[in-house]
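Asker: Pasted the sequence and its predicted model underneath.
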There are 2 protein chains.
Amino acid sequence: MENTAQELIKRAYDTLTRAERQLAGVILENYPTSGMGSITRLAEKADVSTPTVARMVQKIGYSGFPEFQEALRAEVEAAMSDPIAKHDTWSRDAPDAHILNRFADSVLSNIRQTLAGIDVATFDRATDMLADKSRRVFVTGGRITHTLSEYFHLHMQVIRRDVRHIRSTSNAWPHALLDMEQGDIVVIYDIRRYENSALRLAEIATARGAEIILITDQWQSPVAAFAAITLNCRIEAPSAWDSTVAMMLLTETIIAAVQEKNWDDTRARMSELEAMFDRTRIFRKFV
Amino acid sequence: MENTAQELIKRAYDTLTRAERQLAGVILENYPTSGMGSITRLAEKADVSTPTVARMVQKIGYSGFPEFQEALRAEVEAAMSDPIAKHDTWSRDAPDAHILNRFADSVLSNIRQTLAGIDVATFDRATDMLADKSRRVFVTGGRITHTLSEYFHLHMQVIRRDVRHIRSTSNAWPHALLDMEQGDIVVIYDIRRYENSALRLAEIATARGAEIILITDQWQSPVAAFAAITLNCRIEAPSAWDSTVAMMLLTETIIAAVQEKNWDDTRARMSELEAMFDRTRIFRKFV
DNA sequence: TGTTTCTTGTAATTATGCTTACATTTACAG
DNA sequence: CTGTAAATGTAAGCATAATTACAAGAAACA
């Protein structure tokens, strides 16, 4: 069993208090260098008092801050003197060809290209639309992207009202369309390679006056023809499948952006929701 | 021209006195950690007096020992957070402070730290287990991670037989457990901050002889106590929510790894599946 | 060899860091 | 709503670290 400071912190997590957890977060954030300055600096960075730091390191098993720091130094030394620690790969102890490194390389490249290809004005327009509470939002996805659309729906529902998920795979989607009218927004996740049941849906929705936000791959789903806004993501992966990581990133970024624009409402809705899940705290501290 | 402490020492070498050279030797010996302790410790190690140290660091260009040490810390930090981190803002036409750039920064840091924290042997052990067709696989997730578990299940089902998804939120999960026996694998997605309905499930599954693979955040779900394998992911995000991008990446990497190990079977299963979806091509070219 | 300058350590001073004690606040149970 | 316990910060005191002042010793030059 290892006894790095990191390990000790995780192990003691249950016994840590609020301020201590906040501190733990900062220490782990860019571990281990963050803990190498003086206790005062660390306390400031974590926005807690110095005694909190002192107490915490004692709690996790050190005699005091100096001993804790000494341990960190030793860890750094071990990591630096390790010749493999050249850090030009993602996972230090894996060979370059290991799938962990290959996949990460590929995903990073997807993320780079995806973001480079996104027009900020378009992105902002999309988030403005979604932040407009007078417009209703429908969300749907395909076979592979279904989970993404569900994820988006889950979070969007907390941020604003009038958000509905349509299962494009079921036979129920025509019913949802009956309800659709001028000004509504339909968020469609669709990857070209897979089936495009979304095409009919998009066509009808547009005809009824709804506007479509399409999130698709670099080859672009045919739904783009009907979409008011199209956001393309790279999905290449060293695998028989594609990687939806870049799509997930974009999805979360949209959520964050809409939430920022609607912060007061979101906050209220989150509080209500939290009250419902009374037993546990669901959300992070409200910024 | 670089200005690392190392550089400065070498450059000033000619002007250094005997005791100072002795000190310089010790500093460079196992650079940079040797200089990270107190001035006293460094002086002792070099067998010179403390003022010699203070004078020397001033001579090579620092205002005092603390500044010198600060510089070392910065160097360590730079060395530990690898070159992959260097990027020229993601979306060029957006300001740095735009949510697109902020979010991507944070996600990249999550990915880096997640991969750095994953032990390759552990990862390989997990994928070996999942590639073993004699063992059945159950998958489950919590409120936020539910979609991830579904995604994993969806792909895993194509790769191998005997994969089942359990909705931990429904009341049906005890029934699934009835079916569980020695050698089965339970893949659990669980983020500490959110509710832990998975805990009971994990406890019972372990008691029945199943082995648990846990995918959790850096704070580690309490399920870890029962897990045969625990994989931690960073989920920090500049938002009221967390980011599951790193988890998604890990999930896809596991899928790719298992698929690679089981390629012949996977291929056969994919062909069959594709035949069922006759109209369109579902999968990418078989590599 | 005597004088001067440079080097280096010792000791004193000052600054900073760390810890302990205590008071305030917050959360929780009755 | 009140009392109790836990958490956390403030402030004081103590300890250590860093710098400065100074003096002893070594090397260089006359």
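Answerer: Looks like it arrived, so ask away.

Asker: Right, and DNA strand D sits closest to which residue of the stretch 101-250 of chain A?
Answerer: A:V158 (26.0 Å; Cβ to the nearest atom of the strand). All C-beta spots, glycine's among them, are computed from the backbone N, C-alpha and C.

Asker: what does chain A give?
Answerer: Counting by Cβ to the nearest atom of the strand, chain A gets nearest to DNA strand D through A:T17 (2.8 Å).

Asker: Please name the residues that touch that residue.
Answerer: Neighbour list for A:T17: empty [criterion: Cβ atoms under 8 Å, 6 or more residues apart in numbering or on different chains].

Asker: Look at it and report its pLDDT.
Answerer: A:T17 carries a pLDDT value of 85.

Asker: circling back to that earlier point, pretty sure the residue of the stretch 101-250 of chain A closest to DNA strand D contacts A:T266?
Answerer: Yes - at 6.9 Å, A:V158 counts as touching A:T266 under the criterion of Cβ atoms under 8 Å.

Asker: Check which residues of the strand or helix carrying the residue of the stretch 101-250 of chain A closest to DNA strand D are buried.
Answerer: Assigned by DSSP states H and E, A:V158 belongs to helix A:146-159. Neighbour counts using 16 or more other Cβ atoms under 10 Å in any protein chain shown place A:146-159 of helix A:146-159 among the buried residues.

Asker: what about the residue nearest the centre of chain A, distance to chain B?
Answerer: By Cα atoms, centre = their mean, the mean C-alpha position of chain A lies nearest to A:E252, the distance being 4.6 Å. According to Cβ to the nearest Cβ, to the nearest Å, A:E252 and chain B sit 5 Å apart.

Asker: OK, contacts around that residue?
Answerer: Neighbouring residues of A:E252 by Cβ under 8 Å, 6+ apart: B:103, B:107, B:237, B:239, B:241, B:243-245.

Asker: Scan these and report the most crowded one.
Answerer: Ranked by the number of neighbours (other Cβ atoms under 10 Å in any protein chain shown), the contacts of A:E252 place B:V245 first, at 31 neighbours.

Asker: residue ranges of the helices in the stretch 101-250 of chain A, please?
Answerer: Using DSSP state H, counting those that start in this stretch, the helices of the stretch 101-250 of chain A run over A:120-131, A:146-159, A:173-178, A:198-207, A:245-261.

Asker: Deepest-packed of those, please.
Answerer: Of those, the one with the most neighbours on average (mean count of other Cβ atoms under 10 Å in any protein chain shown) is helix A:245-261, at a mean of 25.

Asker: Break chain A into its domains for me.
Answerer: Taking automatic domain parsing as the criterion, chain A consists of the domains A:5-81, A:116-276.

Asker: hey, which of the ones you listed is tucked in deepest?
Answerer: Per stretch, and counting mean count of other Cβ under 10 Å, the top mean among the domains of chain A goes to domain A:116-276, which has a mean of 19.

Asker: Could I get the contacting residues of the closest residue in space to A:A172 that isn't next to it in sequence?
Answerer: Nearest residue to A:A172, sequence neighbours excluded (Cβ to Cβ, 6 or more residues apart in numbering or on different chains): A:I166, at 7.6 Å. Shown in contact with A:I166 (Cβ under 8 Å, 6+ apart): A:138-140, A:172-173, A:176, A:201.

Asker: Format those residues as JSON lines; extra columns: pLDDT.
Answerer: Below are the contacts of A:I166 laid out as JSON lines (pLDDT from 0 to 100):
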{"residue": "A:F138", "pLDDT": "95"}
{"residue": "A:V139", "pLDDT": "95"}
{"residue": "A:T140", "pLDDT": "93"}
{"residue": "A:A172", "pLDDT": "70"}
{"residue": "A:W173", "pLDDT": "73"}
{"residue": "A:A176", "pLDDT": "76"}
{"residue": "A:L201", "pLDDT": "88"}
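
Asker: got TSV for those, with distance to B:S134 too?
Answerer: TSV is the format used below for the contacts of A:I166 (distance: Cβ to Cβ, whole Å):
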residue	distance to B:S134
A:F138	44
A:V139	40
A:T140	39
A:A172	39
A:W173	40
A:A176	44
A:L201	42
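
Asker: Please look at A:I235 and A:L249 and confirm they touch.
Answerer: No - with contact defined as Cβ under 8 Å, A:I235 does not reach A:L249; the gap is 11.6 Å.

Asker: which helices and strands sit right next to whichever helix or strand A:Q22 is part of?
Answerer: A:Q22 belongs to helix A:18-29 when assigned by DSSP H and E. The helices and strands touching helix A:18-29, judged by 3 or more Cβ pairs under 8 Å, 6 or more residues apart in numbering or on different chains; DSSP states H and E, are helix A:5-12, helix A:39-46, helix A:50-59.

Asker: does it come close to DNA strand C?
Answerer: No - under the criterion of Cβ under 7 Å from any atom of the strand, DNA strand C is not reached by helix A:18-29; the shortest gap measures 8.2 Å.

Asker: Just the angle for that helix relative to helix A:39-46, thanks.
Answerer: Here helix A:18-29 runs at an angle of 100 degrees relative to helix A:39-46 (axes from the mean of the first three to the mean of the last three Cα atoms, to 10 degrees).
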